[in-house]
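>>> sequence and predicted structure below; questions after.
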Amino acid sequence: MELKLRILFAVLVICCFSNAVLAQEKTEKSSANEEMVLIPAGSFQMGSEEGDSDEKPVHTVQISSFYMDKYEVTNGEYKKCVDAGSCRAPISVESYTRSSYYGDSRYENYPVINVDWTQAKAYCEWKGGRLPTEAEWEYAARGGLRGMKYPNGDSISQSEANYSGSDTVKVGSYDPNGYGLYDMAGNVWEWTNDWYDANYYENSPSRDPQGPSNGEYRVIRGGSWLDDSLFIRVSNRIRYGTPNWHDGYGFRCAR
């Protein structure tokens with residue numbers, strides 16, 4: 001009888017330990033995903049016939065489901081990577097109007113800026129993710145809307161996004177788009193993984209395009225605080241050199 005009780009007790013201990021481990025794993029996974037949004041698989045019309053020549057032709061693209069950061073990566077989040085020794089600090093600690101920005105607790109929840117493409121890539125990899133492809137970025141920015149110019153419709157105002165302004169603002173200061181993503185127009189330009197090719201849309205794969213295999217520039221998307229409404233359209237494409245940086249450029253990660 002005593003032996004049976006000991007065995008029963010051991011089984012109960014093992015079960016409790018296993019449940020605790022599973023609960024901890026679930027908590028860790030939840031914590032890792034809490035700032036990311038699951039973007040559902042689907043198709044969309046990429047580009048704009050009303051835009052610049054590199055936004056044409058409009059073409060149908062199929063996108064597999066993926067996760068994307070709800071917010072642009074902040075100073076506070078990026079600093080964790082720097083402190084861990086996995087990221088280089090931003091090239092400048094200033095913003096356009098602030099001599100103290102990165103590393104200043106007042107701006108911990110503002111988008112990190114002054115980072116080049118390699119720094120953005122290193123951070124996303126440190127977080128277990130990657131930079132989004134250009135197609136993923138546009139698909140996510142549209143928020144499920146079809147044929148619209150902006151994340152929340154065919155028009156936009158300064159009550160809906162940070163553009164034609166004086167500097168960055170705290171992430172999430174405006175309403176999200178249909179997928180629950182914030183600041184997909186304005187605040188800071190965002191690095192994507194793709195090389196830039198002005199004619200890429202003419203031969204782009206129809207499913208999960210990864211961009212050209214090489215190039216001189218990378219694609220950035222979304223516009224920033226200093227741009228007017230023309231530049232913050234969801235279909236607008238800009239090229240920028242991989243080693244370059246700017247106080248209007250940041251990023252978000254995908255997975």
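On my side now, so go ahead. Numbers count the residues shown, from 1 in each chain.

>>> looks to me like Tyr201 is in a helix.
Yes: checked against DSSP: H, G, I helix; E, B strand; the rest coil, Tyr201 lies within a helix.

>>> for it, grab the count of nearby residues.
19 (other Cβ atoms under 10 Å). From N, CA and C alone the C-beta is placed, and that goes for glycine too.

>>> by mean pLDDT, flag the weakest helix or strand of the chain.
helix 2-33 (a mean of 41; mean pLDDT, DSSP states H and E).

>>> what sits up against stretch 157-174?
By Cβ atoms under 8 Å, 6 or more residues apart in numbering, the list of residues contacting stretch 157-174 from outside reads 70-72, 74, 95-98, 109-111, 113, 150-152, 156, 175, 182-183, 185-188, 223-229, 231-232.

>>> now do the end-to-end distance for stretch 163-180.
Using Cα to Cα, to the nearest Å, the end-to-end distance of stretch 163-180 comes to 20 Å.

>>> who does the closest residue to Met46 other than its chain neighbours form a beta bridge with?
Nearest residue to Met46 in three dimensions, chain neighbours excluded: Val61, at 4.7 Å (Cβ to Cβ, 6 or more residues apart in numbering). Beta bridges link Val61 to Phe44 when assigned by DSSP bridges.

>>> before we move on, what about the one 5 residues further on?
With beta bridges defined as DSSP bridges, Phe66 has these partners: Ile39.

>>> right, and it touches Cys253 too?
No: counting by Cβ atoms under 8 Å, Phe66 stays clear of Cys253, with 10.6 Å between them.

>>> between those two, which one's more packed in?
Higher neighbour count among Phe66 and Cys253: Cys253, with 26 against 21, using other Cβ under 10 Å.

>>> which SS class is Glu136?
Under three-state DSSP, the three-state class of Glu136 is helix.
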